[in-house]
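**Q** got a predicted structure plus its sequence, pasted below:
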Protein chains: 2
Amino acid sequence: MKNIKIPKPTIKRLAMYYRCLENKKAKGMQKTSSKELAESLEIKASQIRKDLSYFGEFGKRGVGYDIDKLMDSIKTILGLNKKWNVAIVGVGNLGSAIANYTGLEKNGFIIKAAFDKNKSKVGTQISAGILVYDMDDLKKICKEKNIEIAILTVPASVAQQVTDMLVETGIKGILNFTPTTIKTPENISVEDVDFTISLKSLTYDIVSNNKDIYELAE
Amino acid sequence: MKNIKIPKPTIKRLAMYYRCLENKKAKGMQKTSSKELAESLEIKASQIRKDLSYFGEFGKRGVGYDIDKLMDSIKTILGLNKKWNVAIVGVGNLGSAIANYTGLEKNGFIIKAAFDKNKSKVGTQISAGILVYDMDDLKKICKEKNIEIAILTVPASVAQQVTDMLVETGIKGILNFTPTTIKTPENISVEDVDFTISLKSLTYDIVSNNKDIYELAE
């Protein structure tokens, strides 16, 4: 399996399956099926079976999946069987919102520090017990606190500059909320979250549901 | 072309191409190529050509793309050749952050109103000139202001209930920030933005770059 390239959408769907399994478990369920997952998530059951098949044999035909076992497997696949030390880099509205999002800790993402270049924010708490440090201390504090993931919420204009600083700290990945493409060495993973891209995907859906926009292609 | 199903990742990449073309235009460029776009975005040139080919013939071999024309075409494809009236539903940290994100208006998404059930927030301004209304007035105000898109930033526990209310207002689409799957009638588009899913995709990347996690599949 080592050299199989798993499609990115498969990975995102695995995370969705995990969330759905959590919900089912919370309702007291112990077993489920690709059909049940498909109904909850509005994804085809065949797609779910295909996604899972990349990683091996889960569940049995006619019996379905053991929820705990499947959750454990997905956790391992996604690297969620450990806690991750996270820093918020850029303490604006968005950085503050994310720091106070309770879903992070629940999913094993532990915010250990925040950074901003605005001296008036330095020393304040971004959320209970989490200090804002000076951007100048980024390398030192990230090393001290063994930060593995940076959540990048700085203005787009300084995104690459701050990314270059983050690369020096020894972090492993960046969740990029800035509406720009950042470049990192190959060993540092980047995942973009640009909700205007999601908005554009939404308007595409609205428009293409409502009229034939493909005339331009003819 | 009418009945071709365009893959969702293609649509998201179109939005990325558009953003990249904007940057190139801002630098005074008039022409570009799939190779140049590929370098900026770290996507294969062949992927870019394939994505664009769904919608017709753009550019010429050896000459490349006219940036203005390609931007116009993508704008039309994505439904961005009009302004969209948007409401923020749920005025917590995240709703406030989004309301103050300048990229929205730049992309044609105009926030017209915000809603919250907390009476102490009603009547305040979520951003310059944008009032927070009572959730009880959702239907009335959305109709009055001709809201087409709702940005859903309420707690997950009430997401479906508020979605059902939104369906009644006549909106066309929901950008769902709640970490839960919401159900709508077929004519109302939904796009999920769950950054914990992006985080999980990031940790997958980190873990699979660093060791062979596929042992479990053997």
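**A** That came through fine.
**Q** between helix B:8-26 and the longest helix along chain A, find me the angle.
**A** Looking across chain A with DSSP state H, the single longest helix is helix A:8-26. Interaxial angle of helix A:8-26 relative to helix B:8-26 (axes from the mean of the first three to the mean of the last three CA atoms, to 10 degrees): 130 degrees.
**Q** residue ranges for the helices of chain A, please.
**A** For chain A, applying DSSP H gives helices covering A:8-26, A:34-41, A:45-53, A:67-78, A:93-99, A:103-106, A:138-144, A:159-169, A:195-210.
**Q** are the fifth one and chain B in contact anywhere?
**A** Which is helix A:93-99. Yes - looking at helix A:93-99 against chain B by CB under 8 Å from any CB of the partner chain, the contacts come from A:93-94, A:96-98. C-beta coordinates here come from the backbone N, C-alpha and C atoms, glycine included.
**Q** ok, and does the longest helix of chain A reach over to chain B?
**A** Yes - Helix A:8-26 lies within reach of chain B by CB under 8 Å from any CB, at A:8-9, A:11-12, A:14-16, A:18-20, A:23.
**Q** mean pLDDT and distance to B:V63 for the helices of chain A - can I get that in TSV?
**A** What follows is these, written out as TSV (pLDDT from 0 to 100; distance: least, CB to CB, whole Å):
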stretch	mean pLDDT	distance to B:V63
helix A:8-26	89	32
helix A:34-41	89	44
helix A:45-53	91	40
helix A:67-78	93	44
helix A:93-99	88	41
helix A:103-106	86	48
helix A:138-144	98	45
helix A:159-169	97	30
helix A:195-210	85	27
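**Q** and the lengthiest strand in chain A, what's buried?
**A** Longest strand of chain A, by residue count under DSSP state E: strand A:109-116. Using 16 or more other CB atoms under 10 Å in any protein chain shown as the test for burial, strand A:109-116 gives A:109, A:111-116.
**Q** do stretch A:91-105 as well
**A** Across stretch A:91-105, burial judged by 16+ other CB under 10 Å covers A:91-101, A:103-104.
**Q** contact partners of it?
**A** Stretch A:91-105 has contacts (CB atoms under 8 Å, 6 or more residues apart in numbering or on different chains) with A:86, A:88-89, A:110-111, A:114-116, A:118, A:121, A:126-127, A:130, A:132, A:151, A:153, A:155, A:177, B:92-94, B:96-97, B:100-101, B:179, B:195-196, B:199.
**Q** and chain A, what are its domains?
**A** Chain A breaks down by automatic domain parsing into domains covering A:8-76, A:84-196.
**Q** and those, which is most packed in?
**A** domain A:84-196 (a mean of 19; mean count of other CB atoms under 10 Å in any protein chain shown).
**Q** coming back round to it: in a markdown table, list the helices of chain A along with distance to B:T184.
**A** A markdown table is the format used below for these (distance: least, CB to CB, whole Å):
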| stretch | distance to B:T184 |
| --- | --- |
| helix A:8-26 | 17 |
| helix A:34-41 | 14 |
| helix A:45-53 | 20 |
| helix A:67-78 | 27 |
| helix A:93-99 | 25 |
| helix A:103-106 | 22 |
| helix A:138-144 | 42 |
| helix A:159-169 | 34 |
| helix A:195-210 | 11 |
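**Q** in its sheet, what does the longest strand of chain A sit against?
**A** Paired neighbours of strand A:109-116 in the sheet (DSSP bridges): strand A:84-89 (parallel), strand A:130-134 (parallel).
**Q** quick one: distance of the longest one to the chain centre.
**A** Taking the mean C-alpha point of strand A:84-89 and that of its whole chain, the gap between them comes to 12 Å (CA atoms, centre = their mean, to the nearest Å).
**Q** residues in contact with A:I171?
**A** A:87, A:142, A:147-150, A:188.
**Q** and A:G28, by the same measure?
**A** Neighbour list for A:G28: empty [criterion: CB under 8 Å, 6+ apart].
**Q** can you give me the end-to-end span of stretch A:167-177?
**A** The first residue of stretch A:167-177 is 17 Å away from its last residue (CA to CA, to the nearest Å).
**Q** wait, which of the residues of helix A:8-26 next to chain B is closest to chain B?
**A** When the residues of helix A:8-26 next to chain B are compared for distance to chain B (CB to the nearest CB), A:A15 wins out at 4.0 Å.
**Q** ok, now which ones touch the closest one?
**A** Counting by CB under 8 Å, 6+ apart, the residues that A:A15 touches are A:74, A:78, B:196-197, B:200-201.
**Q** with only the CA atoms kept, save stretch A:25-34 in PDB.
**A** C-alpha atoms of stretch A:25-34 as PDB (Å, rounded to 0.1, in the frame of the first residue of the first chain):
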ATOM      1  CA  LYS A  25     -22.000   6.400  18.800                       C
ATOM      2  CA  ALA A  26     -23.400   9.200  20.900                       C
ATOM      3  CA  LYS A  27     -26.900   7.900  20.100                       C
ATOM      4  CA  GLY A  28     -25.900   4.500  21.600                       C
ATOM      5  CA  MET A  29     -25.400   2.700  18.300                       C
ATOM      6  CA  GLN A  30     -22.700   0.000  18.000                       C
ATOM      7  CA  LYS A  31     -23.000  -1.000  14.400                       C
ATOM      8  CA  THR A  32     -23.700   0.800  11.200                       C
ATOM      9  CA  SER A  33     -23.500   0.300   7.400                       C
ATOM     10  CA  SER A  34     -22.300   2.200   4.300                       C
END
